[in-house]
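Trainee: build me a structure from this.
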Amino acid sequence: MSVILLYLLGLITALIVLKQGLSRKVEFFSIRNLYLAGFVVYHVIGPAKAISTGDFSGFRINDPKNTALWLTIYVYVFFFVYLFAYHKINIARWFASKASGMPSEASDSMLMALSVGLIAVGLPLRFFGHYLPVVGPAMTNVSFALAGLACASAGWVWSQRKFNPAVISVAGAVLVGSLVICLYSIFGRRPLIGVLFGFAWGAYYRWARYVVPSRLILYMIPLLAGATIIIGAYTAIRRESSSTADVQALFRAMMQADVKEGSAAAASGQGCAGAMMWALEQYPVFLKPKPLFSLQYMALYFVPRQIWPNKPEPLSQDVATLAKLKGVNRAKITIPPGVIGYAAAEGGMYALIIYALFFGQFTRFFDELVRQNPFNPFIILPAGCVTGQFLGLARGDIGSFTAIIIVAFVSTMALMFIVKLFFGKQSMPQYQYAQWPQTRDGY
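Mentor: Below is the predicted model of the structure:
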């Protein structure tokens, strides 16, 4: 029954995304939909597969049937509270209005030059930024954000000049430079997704969202297929990606990778379901919860370990040891139990509801910024540099990922604010207040 209910929720999610996308209530390519896509992969498809096969990725689940029922209840509660928070609570809308500023526009030549400049800064920052005292660890994430912003800017320009050889050449170079930044000695997929989706984000909000929905879906299918192939290839070989700095070798390995196996592994949730069910069984009966620790860690994340060597670690760092997993390096492996698992370990149902309310408003803030500034690249493009993080947010360390999103968005917004001061142009009045379906209220 749990498996059927989980797959039913996946179908409900797809229908909601389709219906609201066709009506332009929520854009197809929105932060909310990215978050829901990750939620479905890690909290619907992954658990359904684990429950039906009995493969819990090495985690010992004492009562699979009862735990699966509780997992399903938690997933449903989170899903509907999240949607309520996103659509019915307007706190994020108010914050977005305060962050919007005056409507502005930018020339394509300036944005293309900006994308090249971002790569020129991002490459040395990626290679050498981690050597900087205190702020070194944050520089890696800033370099990823710059790469995502560069690709979003290139996609924005390319969407209006698809067959211009100069634009194609520069955009291609920006993509290659961004791939070098995100693949250099990195194990995770989020930077790669951020680059690919960042380019698509810029193209979507400049051009594709105004296309007839039926044509838009046709355009999206090959693009999604291409992104799936690249991500699947990287997933298949990513264990060796963190042990080598040879990006060319990684490209060659991706060309020879088993894409089918990698895509299946990515879609399965890769251990998240087992960790989630383990957390539901262990807390609070056998292990002591840490009430709302992930909310606390969103602030603790910004305290450097040089200043606080004993700073508490999130649960993902200890899961392998607490669960006594075999065949892994417990001291090094990190296994996030997803937002459901974190809620179970940090208070249970009340934590689940608080996290659903929080992330509903958190994702609404970014989408609301875009809705209120439908033509402003100085706001739309920074929102696109965090797409990879939002896709993995439902599964990953929710405290760390949220903090990384804030770092990336604030740094790119600050950069774009400075650029706007020198190169931005105020929009014409009739351009500012043009009414489009996606800017209307409809919550």
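
Trainee: all strands of the protein, in order?
Mentor: Taking DSSP state E, the strands of the chain run over residues 104-105, 425-426.

Trainee: the last one: how far from the chain's middle?
Mentor: Put plainly, it is strand 425-426. Relative to the centre of its chain, strand 425-426 is centred 31 Å away, using CA atoms, centre = their mean, to the nearest Å.

Trainee: could you do the first one as well?
Mentor: Chain-centre distance of strand 104-105: 26 Å, with CA atoms, centre = their mean.

Trainee: give me the sheet partners of it and which way each runs.
Mentor: Sheet partners assigned to strand 104-105 using DSSP bridges are listed as strand 425-426 (antiparallel).

Trainee: so for the partner strand, mean pLDDT?
Mentor: Model confidence over strand 425-426, given as mean pLDDT, is 76.

Trainee: stretch 18-36 now?
Mentor: Model confidence over stretch 18-36 averages 93 on the pLDDT scale.

Trainee: okay, buried residues for that stretch please.
Mentor: Within stretch 18-36, the residues that count as buried by 16 or more other CB atoms under 10 Å are 20-21, 24-36. For glycine as for every other residue, the C-beta is placed from the backbone atoms N, C-alpha and C.

Trainee: check stretch 221-230 too.
Mentor: In stretch 221-230, residues buried by neighbour count (16+ other CB under 10 Å) are Leu223, Ala227, Ile229, Ile230.

Trainee: where does this structure dip in pLDDT?
Mentor: In the predicted model, the chain carries pLDDT under 70 at residues 185-188, 238-247, 251, 265-270, 427-443.

Trainee: what about Phe144, how many residues nearby?
Mentor: 31 (other CB atoms under 10 Å).

Trainee: neighbours of the nearest residue to it once chain neighbours are set aside, how many?
Mentor: Counting by CB to CB, 6 or more residues apart in numbering, Pro191 is the residue found nearest to Phe144 once chain neighbours are left out, at 4.5 Å. Residues lying near Pro191 (other CB under 10 Å) number 25.

Trainee: what of the one 4 residues further on?
Mentor: For Val195, the tally of surrounding residues (other CB under 10 Å) stands at 29.

Trainee: tell me who's in contact with the closest residue to it other than its chain neighbours.
Mentor: For Val195, the nearest residue in space outside its immediate sequence neighbours is Ser178; the separation is 4.4 Å by CB to CB, 6+ apart. For Ser178, the contact set (CB atoms under 8 Å, 6 or more residues apart in numbering) comprises Ile119, Gly122, Ala147, Gly148, Ala150, Cys151, Val195, Gly198.

Trainee: now the residues you listed in a markdown table, with distance to Thr412?
Mentor: Supplementary listing: those in a markdown table, determined by distance: CB to CB, whole Å:
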| residue | distance to Thr412 |
| --- | --- |
| Ile119 | 14 |
| Gly122 | 11 |
| Ala147 | 11 |
| Gly148 | 8 |
| Ala150 | 10 |
| Cys151 | 12 |
| Val195 | 14 |
| Gly198 | 10 |
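
Trainee: residues contacting Gln306?
Mentor: Applying CB under 8 Å, 6+ apart, one finds that Gln306 lies in contact with Pro133, Val134.

Trainee: sorry, wrong one. I was asking about Ser97.
Mentor: Ser97 touches Glu368, Gln372, counting by CB under 8 Å, 6+ apart.

Trainee: any idea how far it lies from Ile380?
Mentor: 16 Å (CB to CB, to the nearest Å).

Trainee: now go through the buried residues of stretch 221-230 and say which are in helices.
Mentor: Judged by DSSP state H, helices contain the following of these: Leu223, Ala227, Ile229, Ile230.

Trainee: burial of the closest residue to Arg364 other than its chain neighbours, as a residue count?
Mentor: Closest residue to Arg364 apart from its sequence neighbours, by CB to CB, 6+ apart: Ala92 at 4.0 Å. Each residue near Ala92 was counted by other CB under 10 Å, and the total is 20.

Trainee: pretty sure Ala92 sits against Phe362.
Mentor: Yes. With contacts counted by CB atoms under 8 Å, Ala92 reaches Phe362, the gap being 7.3 Å.
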